[in-house]
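J.: let me see the structure of the following:
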Amino acid sequence: MISKYRTIGITAVTIASLTAVLAQTGANSVASGKREILLQTTESWNGKPYTHYPTGQPQLTTIKLTIAPHTALPWHTHPFPNVVYVLSGTLTLHDKATGKTLVVHQGQAVGESVDDVHRGESGDEPTILLITYAGTPGVPTSVPAKGEKAEY
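T.: Here you go, the predicted model:
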């Protein structure tokens, strides 16, 4: 009988110790995350190199932009580098000066052009984009081309 109670006591102490350790460290384990580079580039989709960042206080801006099916955005420019990630749908980019195009599909990222007039066009379904701009406070992220409406 003493042996039985001794085993129960040792088990109870072990469980209490483990509970205390888990309470101190939390239930989550510590591990490195899995990195997947979606885009790393020194040039925009139309082949022009990024030559500089704007001067002044940095400001990152991320927007989610939804474009209705079969819709072309107005012609516009961006004053600083930005990256577009297609959450859903497809995006066809058009460069006005060269006529060059690029189709970007769901799950793909692309560096947008800086100071080049361009626009995006959706396909058969709504296109949802996540866009991150590396800009400065007070400078718009998108500038309409002459005579065009704002992109958003």
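J.: make it CA atoms for all contacts and neighbour counts henceforth
T.: OK.
J.: ok, which stretches of the chain are strands?
T.: Along the chain, the stretches classed as strands by DSSP state E are 59-67, 76-77, 82-88, 90-95, 101-105, 109-111, 118-122, 127-135, 143-144.
J.: mind putting the ones you listed in a markdown table, distance to Ser29 included?
T.: Output for those, formatted as a markdown table (distance: least, C-alpha to C-alpha, whole Å):
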| stretch | distance to Ser29 |
| --- | --- |
| strand 59-67 | 31 |
| strand 76-77 | 46 |
| strand 82-88 | 30 |
| strand 90-95 | 38 |
| strand 101-105 | 35 |
| strand 109-111 | 31 |
| strand 118-122 | 42 |
| strand 127-135 | 31 |
| strand 143-144 | 47 |
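J.: with mean neighbour count added, can I get the ones you listed in CSV?
T.: Output for those, formatted as CSV (neighbours: other C-alpha atoms under 10 Å):
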stretch, mean neighbour count
strand 59-67, 14
strand 76-77, 21
strand 82-88, 20
strand 90-95, 22
strand 101-105, 16
strand 109-111, 22
strand 118-122, 22
strand 127-135, 20
strand 143-144, 18
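J.: in CSV: those, plus mean pLDDT and distance to Gly47.
T.: Below are the strands of the chain laid out as CSV (pLDDT from 0 to 100; distance: least, C-alpha to C-alpha, whole Å):
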stretch, mean pLDDT, distance to Gly47
strand 59-67, 98, 23
strand 76-77, 98, 15
strand 82-88, 98, 14
strand 90-95, 98, 11
strand 101-105, 98, 11
strand 109-111, 98, 10
strand 118-122, 98, 13
strand 127-135, 98, 18
strand 143-144, 98, 21
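J.: out of the ones you listed, the one nearest Ala150 is which?
T.: strand 143-144 (5.2 Å; C-alpha to C-alpha).
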